[in-house]
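Trainee: Have a look at this fold, sequence not included:
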């Protein structure tokens, strides 16, 4: 098990990067705690796979160092990093039985037979594989194969970190949540550092203690699921996490208070900048807006009854604002006015929250 | 009148794919087929398109019997879950292909493709080949090809299933608008209840080759006629449990009970099944009109804006869905409140109890 | 799954049926016809039943050429398959050299068979051929037109030169289809190069290797042109393989009955061995 230090990591796939866009990863400087479950979340091309490959040793970063505990492993090959990885498409050794698959990493390392046997049975039990130990691995379903890949990592006791690269891609939709929760449970029982790469917010938020949101090669926020939902540090986080995403509206500062289209907005942002940044926005989630005559007027475009909640699409001076109301909550028929909950309303300058 | 199925059945060998079905789909708004995989959605669509001939019964389109008329002779467009485009054509030629086949002048092709690609935000990519596009753009191209044709019948078979959820969100919003004024009959198959609610229109719930209910989407959601219809139209799955009515009380267990609501006062005593949507079972102290349950957390999942928690209450599993991001540990004991005023009661045969 | 039976579909199969009938069934029936009858020309036939079959199966000559055939096919399989896999493993997986290697590999396959025979004939001539002179220059007495051992080794060498490429190309295709993740996983599991070959590469190549072995078995078992051009079946009968023998009987001696019976036996052997081999290799693939 290990603490992972990413010391000013930058990476470019080009030989001579000069433009900022040439960097697949733009300076990541983080210390990841031992025994924590991390998720790297972002859309395709955000740099999450690059970062994963740097940690696993498939890529040597252009700049910076990778440390496992206090050992510099930047130039250590994958084999010697003591990592385990579950890939997008299941990797099993087709000709072996499930048991032989699980024993393979230990046999390669010359562990004695009795120890292999106990260890394999222990891990198989943990992953509900005991019943199928003598079956041929090639005959299993996708979720069974993914469990085998994971088990091959878990049988070893020298593993620093277990990595998952979109492991649920080929799993049947109605089985996904089972495996998702199994992974979570496993992490809680074995306590190994785990890193999970995905573009799916449900997978990331369900699995991880801390979610690392990546956007265009930059880490925009690392936080608990609650923090990402309630206190997005970047407009991208607000947009990407939650459905529907956060509302962002252009904003001004008039007489020291935030103002949207001439309406004063109370926010949680304490210190307003003295100079107005190039782009200033006020951000609030649809969940934290409600109808109230004290607020400013809006025009209601559309109301969707989505069962659990109602999605109200409104407009104010050409800016669209989405509101989420609970099932059965009333929508005023005349002169609808809305207010933002100040506790969850924040100002963003050039994409970043003002703090 | 759009497309009608009159006493249609479909058998393949000894297997029945579609049991006798009567269904008539309107021209305006979306007609949604909601059901899990293998419920018969795709078969129904293929019957409507004329790709399959019904084993018995008739297919009528715009007041005419079209049973047995092959798809080539009908005005049908179809979009599939997989992104299907001509790989050796660029985007422009892909969109133009149905027009080329029907011999439209190149002047008109240019104009019509231009208009559609504007609408679907594909204009910047017209020169590219499909494999240079993202998944979302590829599916937009397929949609554009279906739209440009001005087909009288448009069949969309889970077109968004393979897209990232953010794109899905966006396209769900756009799709009804795109088809609004085309005069086409649009049939949309999906396995996601939330998608059906977002698209609105009318919904037919499908289960194992039978249409279980058909009507305006939100009405079907609010008033399922059977337990099966309610199950098809609930994600996460609806909670069900046996209850016993004794005089003026419903008993879930000896200790958990509530008084019979006025509308069910005339119901005879006996065994019933209660259906509770996950968002009517929430975490927190019960108010007066709610029923309190004590559970232990089995699984906690967090999607972007909701927390879905599986609890064990006296050996029975319940699923709760609550707004916002809430983190629980497996094994935590939690107090839940069950909103009995919003739950459904079913006879043991599965029929809804009239209230 | 959603298939509707359509009687018209049979119409589409008719051209193939006709074609197969003309190029396979009808000639085959002619052979069957000859194999059970005796003829002295003039289209006069006498029923002979199983006589030719018994004669062929009992003949010393058939046994000898059959054993020669088995030996030859066995030898080239034992050499070509491992060699082909080894070359495929050594070839680069990425980069500009890939296409160069592939073209080089494909070259021998493009040469017409009789040209291969002629080439090797000249190449190996002990007095003027490059190979022949070199071997003799090394102090080894080599003359493929007179010594059985030289004739055999030259024939085998020629076949290896001509056909190993096919095994290489097939194996290479099998290897390139293995996703990178497998190699990464093996690294992580601490597997050495042998384990990677044994547990990843070989199992993943199984299908293509089955095809390679089948093709090489059938081709070499029916080999005719190249040894005929190279050695003409000699010296003596030492390189007279089944098909060369068959032609000698049919055209040299014009014994149509025995030749036809032998053809059928020959055909059935190829079919049987291929079937047994294919079933063995594919067993367990189904689940």
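Mentor: Here it is on my side, so go on. Values in this document were obtained by computation on a predicted structure and should not be read as measured data.

Trainee: Across the sheet, point out what pairs with the most centrally placed residue in chain A.
Mentor: Nearest to the geometric centre of chain A sits residue A:41, at 3.1 Å (C-alpha atoms, centre = their mean). Counting by DSSP bridges, residue A:41 is bridged to residue A:198, residue A:213.

Trainee: what's the helix or strand residue C:168 falls within packed up against?
Mentor: Using DSSP states H and E, residue C:168 maps to helix C:148-176. Using 3 or more C-beta pairs under 8 Å, 6 or more residues apart in numbering or on different chains; DSSP states H and E, the elements in contact with helix C:148-176 are helix C:60-90, helix C:97-110, helix C:113-124, helix C:202-221, helix C:225-230. C-beta: built from backbone N, CA, C; applies to glycine.

Trainee: And the contacts of stretch B:171-188?
Mentor: Applying C-beta atoms under 8 Å, 6 or more residues apart in numbering or on different chains, the external contacts of stretch B:171-188 come out as B:2-3, B:25-27, B:29-33, B:45, B:48, B:61, B:119-120, B:136, B:139-140, B:143, B:147, B:150-156, B:159-160, B:163, B:195, B:198-201.

Trainee: give me every residue that touches whichever residue of the stretch 201-350 of chain B sits closest to chain C.
Mentor: Distances between the stretch 201-350 of chain B and chain C by C-beta to the nearest C-beta are smallest at residue B:209, namely 12.7 Å. Shown in contact with residue B:209 (C-beta under 8 Å, 6+ apart): B:16-19, B:39-40, B:43.

Trainee: my read is residue A:315 is in a helix, agree?
Mentor: No: Residue A:315 is assigned strand when assessed by DSSP: H, G, I helix; E, B strand; the rest coil, not a helix.

Trainee: ok, back up a step: now list the buried members of the contacts of stretch B:171-188.
Mentor: Taking 16 or more other C-beta atoms under 10 Å in any protein chain shown as the criterion, what is buried in those is B:2-3, B:25, B:27, B:29-33, B:45, B:48, B:61, B:119-120, B:136, B:139-140, B:143, B:147, B:151-156, B:159-160, B:163, B:195, B:198-201.

Trainee: Those: which ones sit near chain A?
Mentor: B:198, B:200 (C-beta under 8 Å from any C-beta of the partner chain).

Trainee: now, which of the buried ones among the contacts of stretch B:171-188 lie within strands?
Mentor: Taking DSSP state E, the ones among these that sit in strands are B:3, B:25, B:30-33, B:61, B:153-156.

Trainee: re earlier: and the residue nearest to the centre of chain A, how far is that from residue A:204?
Mentor: With the distance defined as C-beta to C-beta, to the nearest Å, residue A:41 ends up 4 Å from residue A:204.

Trainee: circling back: could you pull up the mean pLDDT of the helix or strand just after the helix holding residue C:168?
Mentor: Downstream of helix C:148-176, the first helix or strand assigned by DSSP H and E is helix C:180-188. The average pLDDT within helix C:180-188 is 89.

Trainee: Give me the distance between the next helix or strand after helix C:180-188 and the centre of its chain.
Mentor: Sequence-wise, the next helix or strand downstream of helix C:180-188 (DSSP H and E) is helix C:193-196. How far helix C:193-196 lies from its chain's middle: 30 Å, per C-alpha atoms, centre = their mean, to the nearest Å.
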